[in-house]
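> Model the structure of this input:
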Amino acid sequence: MRNACAALAATFLIASASAQQTVPFANGIPVAPEMPIPPMPAKPVEYATAEGMKIKVSVVTRGIEHPWSIAFVSNDVWLVTQTHGGLRVVRNGVLDPEPVKGVPEVKPARRSGLLEVTLHPKFAENKYVYLTYHKPLPGDKGALALARGRWDGKQLVGTRDLFVTPPDSGTISRLVFDRDGKLYMSTAGGDAQDPSTLAGKILRLNDDGTVPKDNPFVGREGYRPEIYTLGHRSPLGLAVHPGTGQIWECEDGPNGGDEVNILVPGGNYGWPLVSLGRTYQGPWHSQKFQRDGFIDPVVYWTPAIAVSGLAFYTGDKLPKWKGDVFVGGLRYGEIIGTGQIQRILFNEKMEELRREALLMDWRHRMRDIRQGPDGLLYVLVDDDDGAVLRIEPAG
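Below is the predicted model of the structure:
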């Protein structure tokens, strides 16, 4: 009987192996098929949603080349970054024809260049605008930088770097201010477990780019004092929880293992020692999904949706979504042309109850999602001919 079982198992393995396709690879990564991406609708589209609320989605403006981030100066004036350089202004839903002057020169990379745009908490008084960008350095090198300028209604004036990381800190970044006016800046690349580097970390800075004295690793030998948390892969979303004031973060895993994390001072989130994702070639990235000393995510995706952008909805215009978390998605399951938005509903203990995929029929890369001052949701579509979408109640 044992020999018969062994023979059956061997037959199954041979059949299974012969049934699989051999896929092409490029730079060690499988080349995925591309789903056809339809043009963005010319007219608003209405949808029924899982919470019994109908929404309307419309294209407000387009022509923004690969937008990364949006900041609302007012209901009528928005600032939008283009990754390959250029800060754009949208006024009353119309894109200004020329980029804003006073923006630092960027070093374009494949999906990087000019990144985050964020307003100071006291913007109404000081008009400070913060940018993260990939800064060109001698020898064709680049570094992640934080800059600040003053908005005069037409351009940035007095723009200067507040903080520049070493060249190993990746080419992506997000920013968010907490309730105390401290600035959190995400980095990627390099060794996320090495506390002597800024790679794969969330940094905590004063609004002038200096280090707060109460940062968790200030004065600790071998640790960069800017570090707030470590062990991150590709942090592409930061947001403040409206109730607790804690900083939430979302990051891309490899082939699976996208995460939403709640940041605690000095916390280690595991990358690359712990991951819920696979390597792009197929094997699991790590031998264990949990280990002592590492903080688990509160939400994870396998397959990955390539999370990008993170927002809590706190408005009244979409009441069934109040308190929910929204993330952008660039592609699902490693298939190009499968972008979406996801909504996550939590209980009072911030435990996930359910999630809903939105705009899957659009198929475009959804780079960011933010709540506007009008209480509606706005989405950035990351295309050559990128766009800003508005989500509002239908009817």
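
> roughly how far apart are Met366 and Ser69?
From Met366 over to Ser69 the distance is 13 Å, taken as C-beta to C-beta, to the nearest Å. The way it works is simple: take the backbone N, C-alpha and C, and place the C-beta from them, glycine included.

> can you pull the contacts of the nearest residue to Ser186 once chain neighbours are set aside?
Excluding the flanking residues, the one nearest Ser186 by C-beta to C-beta, 6 or more residues apart in numbering is Pro235, at 3.6 Å. Listed by C-beta atoms under 8 Å, 6 or more residues apart in numbering, the contact partners of Pro235 are 172, 174, 186-188, 202, 249-251.

> Can you pull the residues that touch both of Met366 and Ser69?
Between them, Met366 and Ser69 share the contacting residues Leu380, judged by C-beta under 8 Å, 6+ apart.

> circling back: which of the contacts of Pro235 sit farthest apart?
Thr187 and Cys250 (14.7 Å; C-beta to C-beta).

> ok, the two, which is more surrounded?
Taking neighbours as other C-beta atoms under 10 Å, Thr187 and Cys250 compare with Thr187 leading, 29 against 26.

> re earlier: look at Met366 and Ser69 and report which has more neighbours.
Met366 (29 against 25).

> Let me see the contact set for the more buried one.
308-309, 328-330, 339-341, 359, 379-382.

> Starting from the helix or strand hosting the residue nearest to Ser186, tell me the next helix or strand along the chain.
Pro235 is located in strand 234-240, with elements delineated by DSSP states H and E. Next helix or strand after strand 234-240 toward the C-terminus (DSSP H and E): strand 247-252.

> The residue lying closest to Glu46 once chain neighbours are set aside and Ile369, how far apart?
Counting by C-beta to C-beta, 6+ apart, the nearest residue to Glu46 once its immediate chain neighbours are dropped is Ala394, at 4.5 Å. Noted for Ala394: a distance of 18 Å to Ile369, by C-beta to C-beta.

> ok, those two, which is more surrounded?
Ile369 (28 against 15).

> What is the neighbour count of the closest residue to Pro265 other than its chain neighbours?
Nearest non-adjacent residue to Pro265, counting by C-beta to C-beta, 6+ apart: Pro216, 4.1 Å away. When counting by other C-beta under 10 Å, one arrives at 17 neighbours for Pro216.

> most centrally placed residue in this structure?
Leu236 (2.3 Å; C-alpha atoms, centre = their mean).

> pretty sure that one is in contact with Ala304, am I right?
No: here Leu236 does not reach Ala304: they are 11.7 Å apart, not a contact under C-beta atoms under 8 Å.

> Quickly list what's touching both of the two.
Asp252.

> Provide a list of residues in contact with Asp368.
Contacts of Asp368 by C-beta under 8 Å, 6+ apart are 67-70, 308-309, 328, 379-380.

> Could you measure from the residue lying closest to Val103 once chain neighbours are set aside over to Phe72?
Closest residue to Val103 apart from its sequence neighbours, by C-beta to C-beta, 6+ apart: Leu87 at 4.8 Å. Distance, Leu87 to Phe72, by C-beta to C-beta: 14 Å.

> Who has more neighbours out of these two?
In this view Leu87 and Phe72 are compared by other C-beta under 10 Å, and Leu87 has more residues nearby, 25 against 18.

> so what's the nearest residue to the residue nearest to the centre of the chain once chain neighbours are set aside scoring on pLDDT?
With sequence-adjacent residues excluded and distances taken as C-beta to C-beta, 6+ apart, Leu236 is closest to Ser308, at 4.3 Å. For Ser308, the pLDDT comes out at 97.

> how near is Ser308 to Ser74?
25 Å.

> same question, His66
25 Å.

> and if you look at Asp191?
42 Å.

> quick one, which of those two is more surrounded?
Set side by side, Asp191 and Ser74 show more neighbours around Asp191, with 14 against 11, by other C-beta under 10 Å.

> Please flag which of the contacts of Asp368 sit within helices.
Counting by DSSP state H, none of the members of the contacts of Asp368 fall within helices.

> All the helices of the stretch 151-300 of the chain, residue numbers only.
Remark: no helices are assigned in the stretch 151-300 of the chain by DSSP state H, counting those that start in this stretch.

> shaky segments in it?
Nowhere does the stretch 151-300 of the chain drop to pLDDT under 70.

> hey, where'd the strands end up in it?
156-164, 175-177, 183-186, 201-205, 227-230, 234-240, 247-252, 258-262, 299-301 (DSSP state E, counting those that start in this stretch).

> Compare those strands and give me the one nearest Tyr128.
strand 156-164 (9.7 Å).

> any idea how far Val73 lies from Asp152?
11 Å.

> same thing with Pro38?
40 Å.

> what do you get for His134?
25 Å.
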